[in-house]
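**Student:** A structural model of the following input is requested.
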Amino acid sequence: MADISVIIPIHNGEKWIDNCMKSIASQSVLNTKKRLEIAVYNDGSTDKTQELLEKWEDYFKSRGVGFVLARGKTSKGVGAAKNGAVKISSGKFLCFQDIDDIMHPHRIYLQWKAAKSNHNALIGSKISRLPINSTPRYSHWANSLTNAQLKTQIYTSNGPTLLMPTWFCHRSVYDKVGGFVETGHGTPEDLIFFYKHLDAGGDLHRVDEELLVYVYHEGAATFSVKRELIWKIQLDRIQQCVLPHWDHFTVWNAGKAGRRLVRSLSPNNLNKVVAFCDVDKNKIGHNVELYCPIERRVIIKLPVIHFTDAKPPLLICIKLDLSNGEFEKNLESLNLSEGNDYVLFS
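**Tutor:** Alright, predicted model coming up:
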C-alpha cells in the first residue's frame, strides 16, 4: 500500500505528459521514506497517450515508484476518469493532478504535511499561471482569499475556492463524498464534489505557497463545462443553505444579473426580497417590475435604493475586481460581515 497516490485523469494528453511526469519525478517527497504511487486513468484517448504513459510507467517502476494504469475504451468524462484512477490506487492520501499542469518540487510533501494533521480537510495551494498573466483576476482571487473566505466565497463564477488542480486529501474525504459524479462532459464535477464535501462537514485549508503551475489553454477541460449549469447548481445550493436562514434580504444590483437572480428564486424566497440596491443614479428612486411571460403577470415590484440605505442581509450579484476597486470600497464602507451580513453570488 502506498502512502500517497497521485491521481491523474487523462484524455488525449500526449503534448502534456512529459512535462507533468517530469515534475512528479522531481518531487522532494521521493527523498523521504514516504511511498509514492502514480495512478492514471486513460479516458479513451486516441492519440499517443497510452504509449507515452507506458514509457513513464517503466521509468517510475525502475526507480521503485509505484505506477498503476487503467484504460477505458471510450471517453466517459473527467468525473469518471478521476474515479477510475482513484479505484486503482492504494494511497492513504490522494493528490489530484491534471496532466496539463506542472507541480512545484515541494508540492506533495507540503500538502501531505498539512493533510496528515487534518484528515477531514480538502487541501489546496496557491498557483502560478502559464502563460504568465493569462487570467490575472482569477489568479489574484484564488491566491488572496482568507481562511474565512474559503468557506464564504463559494457562490462566485470562479467556482471552488480551492482550485481543483491543487486538491490533496486523506482518502476518507473522497470516500465520504462518494467520488465524483459521472454525468459526462460539460459537468462541473469539481464544484459538485466541493459542495458535497462542505455539506458533509468537511474542512478547507490552503497551503499558502505556489505549489502548482496551472496551465491555461483552449483545450482545457474547464472550457467544456456549461456555465448555465454552474449557475443553476449554485443558485439551488444558496436557496437550500443560505436563504432559509434569512427572513428578508436586499439584492445588490438592479441590473441584468440581479434581476435574473430574483426571477429565478422560489416563490418562498421571492417573497423575502425587499429591494434592489445600486450605485446607479438613473436607477435609484425608481421601481423595478419583473414580468413573468409564462404567467403573463408582474411577479414582483421592488424599489431601487442607494446601497448605503440597504439593510443587511444582502445578496450581492456583482463580480469582483471589475470597477477599479470602487465596488470593494463601497462594500467595505458598510462594515459588514461576509457570510453573515452578505453573500456574494456572482
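**Student:** what about residue 330, distance to residue 246?
**Tutor:** Relative to residue 246, residue 330 is positioned 21 Å away (CB to CB, to the nearest Å). Every C-beta, even on glycine, is put in place using the N, C-alpha and C of the backbone.
**Student:** Look up the closest residue to residue 342, ignoring the ones flanking it.
**Tutor:** residue 314 (4.1 Å; CB to CB, 6 or more residues apart in numbering).
**Student:** and that neighbour, how many residues sit next to it?
**Tutor:** Applying the criterion other CB atoms under 10 Å, we find 22 residues in the vicinity of residue 314.
**Student:** Quick check: bridge partners of it?
**Tutor:** residue 250, residue 342 (DSSP bridges).
**Student:** which residues does it contact?
**Tutor:** By CB atoms under 8 Å, 6 or more residues apart in numbering, the contact set of residue 314 is 249, 250, 251, 252, 277, 336, 341, 342, 343.
**Student:** Check the spacing between it and residue 250 real quick.
**Tutor:** When residue 314 is compared with residue 250 (using CB to CB), they lie 5 Å apart.
**Student:** shared neighbours, those two?
**Tutor:** Overlap between the neighbourhoods of residue 314 and residue 250 consists of residue 277, taking contacts as CB under 8 Å, 6+ apart.
**Student:** Now do residue 224, the pLDDT please.
**Tutor:** The pLDDT attached to residue 224 in the predicted structure is 67.
**Student:** Which one of the contacts of residue 314 is nearest to residue 92?
**Tutor:** residue 343 (35.7 Å; CB to CB).
**Student:** what separates that closest one from residue 89, distance-wise?
**Tutor:** Distance from residue 343 to residue 89, counting by CB to CB: 36 Å.
**Student:** just residue 101 next, same as before
**Tutor:** Taking CB to CB, one finds residue 101 at 18 Å from residue 89.
**Student:** which of those two has more neighbours?
**Tutor:** When neighbours are counted by other CB under 10 Å, residue 101 and residue 89 differ, and residue 89 comes out ahead with 25 against 20.
**Student:** Which stretches in the stretch 1-150 of the chain count as strands?
**Tutor:** When assigned using DSSP state E, counting those that start in this stretch, the strands of the stretch 1-150 of the chain occupy the ranges 4-10, 36-43, 66-72, 93-96, 102-103, 121-130.
**Student:** Using JSON lines, lay out those together with mean neighbour count and distance to residue 25.
**Tutor:** Below are the strands of the stretch 1-150 of the chain laid out as JSON lines (neighbours: other CB atoms under 10 Å; distance: least, CB to CB, whole Å):
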{"stretch": "strand 4-10", "mean neighbour count": "27", "distance to residue 25": "11"}
{"stretch": "strand 36-43", "mean neighbour count": "25", "distance to residue 25": "10"}
{"stretch": "strand 66-72", "mean neighbour count": "17", "distance to residue 25": "11"}
{"stretch": "strand 93-96", "mean neighbour count": "24", "distance to residue 25": "14"}
{"stretch": "strand 102-103", "mean neighbour count": "22", "distance to residue 25": "10"}
{"stretch": "strand 121-130", "mean neighbour count": "22", "distance to residue 25": "19"}
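**Student:** Those: which one's closest to residue 233?
**Tutor:** If you check each of the strands of the stretch 1-150 of the chain against residue 233 by CB to CB, strand 121-130 wins as the nearest, at 17.7 Å.
**Student:** and that closest one, average pLDDT?
**Tutor:** 97.
**Student:** Report all helices and strands that that strand contacts.
**Tutor:** helix 107-116, helix 136-144, strand 168-170, strand 203-215 (3 or more CB pairs under 8 Å, 6 or more residues apart in numbering; DSSP states H and E).
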